[in-house]
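Peer 1: Sequence plus the predicted model coming up.
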Amino acid sequence: ATATVSVPGGDNVSVIVNNSPVWSVFTALPGLVEKVEPSATSATAALFGAAVADRLLSAHPWLRQGLDSIAANPGDSVLVSALQRNASLKTLLLGQTPWVSRAMSETERMARLVLLLDSAQVDKTLGEAVEVLSKLQRSGGGLAWRTQYPQPSEWMTRDFLSSVARLNSLGYRTADPRLSAIVDRALSYCDSLVALELVRNVKTTDLNYVAMRYRFDRPQGKRLRAVTDNTLAWLRKGWRSLSLADKARAAMVLDHYGDHKLASTIMESVLQYSVKAKTLGAYFPSLAGHDELSSTAVILDALLAVASDDKSMADAMTQWLLLQKDARDWGTSRPTTDIVSTLLSRYDGATADYSGAPSQTIAAHGPATINLYKRAGQPLWGAVVEQKTELPSKVKAHSTADLSIGKRLYKQMPDGSWRETTTFDVGDKVQVT
């Protein structure tokens, strides 16, 4: 299939095109590390990234073609941070901001993806991650944050189990029997803490526990089922008081346990908080600054599970998430796990080939209309960028609904200080910000 884009007039116009969600997800993974750090968060991230990448390379041979191409030309590739790749952004002012170090970190992370071509290194990373987790598991089954901590953390153990549950739901299961043993003991640890809480309060509810626990096929036991029943009863009455992300989790839990009608009602309520824009997709303004990426991924996950026929909204939310990949690094933490697993649940079965240029920049001379290749059943997204040179006096401050760029002029005073002004004399030292 093809899609068309209109290009404005100009001599330096570029069309940036992405047409493979799997490729975007793949290049967002943490990559391999030479040595897994002795912490539960690092080991869990390494396990997730290596397992997903290994599975993707097996299912999509064209990804390996992409990595081969990148390895042959590492200085000019999609695995270099967009900020480092764009020479026009490398100004002195930028060099004094945290953005440069962030770009370097992003580039280093993405460059490690090339190590995925070495299957022995993938196996080594998976093995080291499991080994670290084994050393962090305490006698009761819980995981400690780091090796020097004697006590386990319930939060960290649940976080690890949630990542494993994500892997299981995507069909990415490792063959290492040690991991299965670690998971069994970790589940027993979480079960025992919930059972203890149930002794203290027979009406105990725990949404996070129930949302994690139902994803495993290990038997829960009649006693612990009371916590699930309590939580389901509480959700039916009090779901309106939850945050948007927890409403989405509640919808998935209720849907799993057969209350499909209420689950759909909850998702309808959640979607009322969304804003849809043609160029941005669908997003939730109230989530800004509150785990925005992770929460949006959870909501999309729930939408796909509970209201799978709402393809228009699912496409719009996917559009927003993919645009965020272009705008900012997803990092290596929980948001990456949530976003990667959610998008792969939609597009892992999609076919593609690297020769189809999953990510490219096309030079254009407008005005013109360009035909772009679009894979069937997959989104196509990108931007039209125009660059030009103007006299400083003609460069004005400008703002849109999503971005504002200001312009300030400063003159150096006799005492060495800088003062903002709009009047200058020949010979004045001037700064423009």
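Peer 2: Yes, it's here. Residues are numbered from 1 along each chain as shown.
Peer 1: Dump the longest helix along the chain to PDB, keeping only the CA atoms.
Peer 2: Counting residues, the longest helix found in the chain (DSSP state H) is helix 177-200. In PDB, the C-alpha atoms belonging to helix 177-200 read as follows (Å, rounded to 0.1, in the frame of the first residue of the first chain):
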ATOM      1  CA  PRO A 177      14.900 -24.000  34.900                       C
ATOM      2  CA  ARG A 178      16.500 -21.700  37.500                       C
ATOM      3  CA  LEU A 179      14.200 -18.900  36.400                       C
ATOM      4  CA  SER A 180      11.100 -21.100  36.800                       C
ATOM      5  CA  ALA A 181      12.200 -22.000  40.400                       C
ATOM      6  CA  ILE A 182      12.900 -18.300  41.200                       C
ATOM      7  CA  VAL A 183       9.400 -17.400  40.000                       C
ATOM      8  CA  ASP A 184       7.700 -20.200  42.000                       C
ATOM      9  CA  ARG A 185       9.500 -19.100  45.200                       C
ATOM     10  CA  ALA A 186       8.700 -15.400  44.500                       C
ATOM     11  CA  LEU A 187       5.000 -16.200  44.100                       C
ATOM     12  CA  SER A 188       5.000 -18.200  47.300                       C
ATOM     13  CA  TYR A 189       6.600 -15.200  49.100                       C
ATOM     14  CA  CYS A 190       3.900 -12.800  47.800                       C
ATOM     15  CA  ASP A 191       1.200 -15.300  48.600                       C
ATOM     16  CA  SER A 192       2.400 -15.700  52.100                       C
ATOM     17  CA  LEU A 193       2.400 -11.900  52.800                       C
ATOM     18  CA  VAL A 194      -1.100 -11.500  51.400                       C
ATOM     19  CA  ALA A 195      -2.200 -14.500  53.500                       C
ATOM     20  CA  LEU A 196      -0.700 -12.900  56.600                       C
ATOM     21  CA  GLU A 197      -2.600  -9.700  55.800                       C
ATOM     22  CA  LEU A 198      -5.800 -11.700  55.400                       C
ATOM     23  CA  VAL A 199      -5.300 -13.000  58.900                       C
ATOM     24  CA  ARG A 200      -5.100  -9.400  60.200                       C
END
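Peer 1: May I see the buried residues of that helix?
Peer 2: The neighbour-count check on helix 177-200 (16 or more other C-beta atoms under 10 Å) flags 179, 182-183, 185-187, 189-191, 193-194, 198 as buried. Backbone N, C-alpha and C define where each C-beta goes, glycine included.
Peer 1: which SSE is the closest residue in space to Leu244 that isn't next to it in sequence in?
Peer 2: Using C-beta to C-beta, 6 or more residues apart in numbering and skipping the chain neighbours, the partner closest in space to Leu244 is Val270 (5.6 Å). Val270 is part of helix 260-271, with elements assigned from DSSP states H and E.
Peer 1: Within its sheet, name the partner strands of whatever helix or strand comes next after that helix and how each one runs.
Peer 2: Going down the chain from helix 260-271, the next helix or strand is strand 275-277, by DSSP H and E. Strand 275-277 pairs in its sheet with strand 281-283 (antiparallel), by DSSP bridges.
Peer 1: mean confidence for stretch 219-237?
Peer 2: Stretch 219-237 shows a mean pLDDT of 92.
Peer 1: Convert the C-alpha atoms of that stretch to CSV, please.
Peer 2: The C-alpha trace of stretch 219-237 is given here as CSV (Å, rounded to 0.1, in the frame of the first residue of the first chain):
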residue,chain,number,x,y,z
PRO,A,219,-2.7,-22.6,41.7
GLN,A,220,-3.7,-19.9,44.2
GLY,A,221,-5.5,-21.9,46.8
LYS,A,222,-8.9,-21.4,48.3
ARG,A,223,-7.7,-19.1,51.2
LEU,A,224,-6.0,-16.7,48.9
ARG,A,225,-9.0,-16.7,46.5
ALA,A,226,-10.7,-14.7,49.3
VAL,A,227,-8.4,-11.8,48.6
THR,A,228,-9.4,-12.0,44.9
ASP,A,229,-13.1,-12.1,45.8
ASN,A,230,-12.7,-9.2,48.2
THR,A,231,-10.9,-7.2,45.6
LEU,A,232,-13.5,-7.9,42.9
ALA,A,233,-16.3,-6.9,45.2
TRP,A,234,-14.5,-3.7,46.2
LEU,A,235,-13.8,-2.8,42.5
ARG,A,236,-17.5,-3.2,41.6
LYS,A,237,-18.4,-0.6,44.2
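Peer 1: Convert the C-alpha atoms of the helix or strand harbouring Leu254 to PDB, please.
Peer 2: For Leu254, the host element (DSSP H and E) is helix 244-256. Output in PDB follows, covering the C-alpha atoms of helix 244-256 (Å, rounded to 0.1, in the frame of the first residue of the first chain):
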ATOM      1  CA  LEU A 244      -6.800   6.200  35.300                       C
ATOM      2  CA  ALA A 245      -4.100   3.500  35.200                       C
ATOM      3  CA  ASP A 246      -5.700   1.600  38.100                       C
ATOM      4  CA  LYS A 247      -9.100   1.800  36.500                       C
ATOM      5  CA  ALA A 248      -7.500   0.200  33.400                       C
ATOM      6  CA  ARG A 249      -6.000  -2.600  35.600                       C
ATOM      7  CA  ALA A 250      -9.300  -3.000  37.300                       C
ATOM      8  CA  ALA A 251     -11.000  -3.400  34.000                       C
ATOM      9  CA  MET A 252      -8.500  -6.200  33.000                       C
ATOM     10  CA  VAL A 253      -9.000  -8.000  36.300                       C
ATOM     11  CA  LEU A 254     -12.800  -7.800  36.100                       C
ATOM     12  CA  ASP A 255     -12.800  -8.900  32.500                       C
ATOM     13  CA  HIS A 256     -10.500 -11.900  33.300                       C
END
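Peer 1: tell me the angle of it relative to helix 260-271?
Peer 2: If you take axes from the mean of the first three to the mean of the last three C-alpha atoms, to 10 degrees, helix 244-256 sits at 160 degrees to helix 260-271.
Peer 1: Quick one: neighbours of the residue nearest to Leu244, just the number.
Peer 2: 24 (other C-beta atoms under 10 Å).
Peer 1: can you pull the contacts of it?
Peer 2: Residues counted as contacts of Val270 (C-beta atoms under 8 Å, 6 or more residues apart in numbering) are 244, 247-248, 251, 299, 302.
Peer 1: Swap in 7 Å and give it another go.
Peer 2: Applying C-beta atoms under 7 Å, 6 or more residues apart in numbering, we find Val270 in contact with 244, 247-248, 299.
Peer 1: so which of those comes closest to Ser169?
Peer 2: Distance to Ser169, by C-beta to C-beta, is smallest for Ala248 among the contacts of Val270, at 15.3 Å.
Peer 1: Would you check how far apart that closest one and Glu197 are?
Peer 2: 24 Å (C-beta to C-beta, to the nearest Å).
Peer 1: still on that earlier bit, return the member of the contacts of Val270 nearest to Gly142.
Peer 2: In terms of C-beta to C-beta, no member of the contacts of Val270 lies closer to Gly142 than Ala248, at 27.0 Å.
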